[in-house]
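# With the sequence up front, the predicted model follows.
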Amino acid sequence: MLTSDPSAARRVAFVLLTDLLEQFTATVAGWQAAEGPEEVSFPQLQEAIIRFQDPAEADSIVKIQKQIDETKDVLHNTIDNLLARGEKLDRLVERSDELSMQSKMFYRQARKTNSCCVIA
């Protein structure tokens, strides 16, 4: 019998049971002839329970899913940063165009103003 937290993945519980069953049948010889639980020693049970406390360490699918989720979060942050940079670049281009127009107007105005004055 196995009990687990409701938030734990069912797959991890089944992986634990399958793993323990395989280890038990491979390491404990003559377990079918035992008359009570005291006669059979299986120390790997405690190790497995400790190991399976973290589902990502116990089940490779859960571990891979966790890595995928982390990668997805990093990609979302990167895309958000790129969009922010794009907006900043657009604003910079707009300001550059405005400054260019202002400098042309200043040049024209300066030429017009200086044309009336002749220095001899």
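Right, received. Where do you want to start? Numbering: from 1, shown residues only.
# Now name the helix or strand holding the residue most central in space within the chain.
Note on the chain: the residue nearest the mean C-alpha position is Glu70, at 0.9 Å, using C-alpha atoms, centre = their mean. In the assignment (DSSP states H and E), Glu70 maps to helix 60-115.
# cool, and Gln23?
Counting by DSSP H and E, Gln23 is part of helix 10-27.
# quick check: angle from the helix holding Glu70 to helix 10-27?
Using axes from the mean of the first three to the mean of the last three C-alpha atoms, to 10 degrees, one finds that helix 60-115 and helix 10-27 are set 140 degrees apart in direction.
# Give me the mean pLDDT for helix 60-115.
The pLDDT scores in helix 60-115 average 91.
# list the helices and strands it packs on?
Applying 3 or more C-beta pairs under 8 Å, 6 or more residues apart in numbering; DSSP states H and E, we find helix 60-115 packed against helix 10-27, helix 55-58. Yep, even glycine has a C-beta here, placed from its N, CA and C like the rest.
# could you give the mean pLDDT of the helix holding Gln23?
Rounded mean pLDDT across helix 10-27 is 80.
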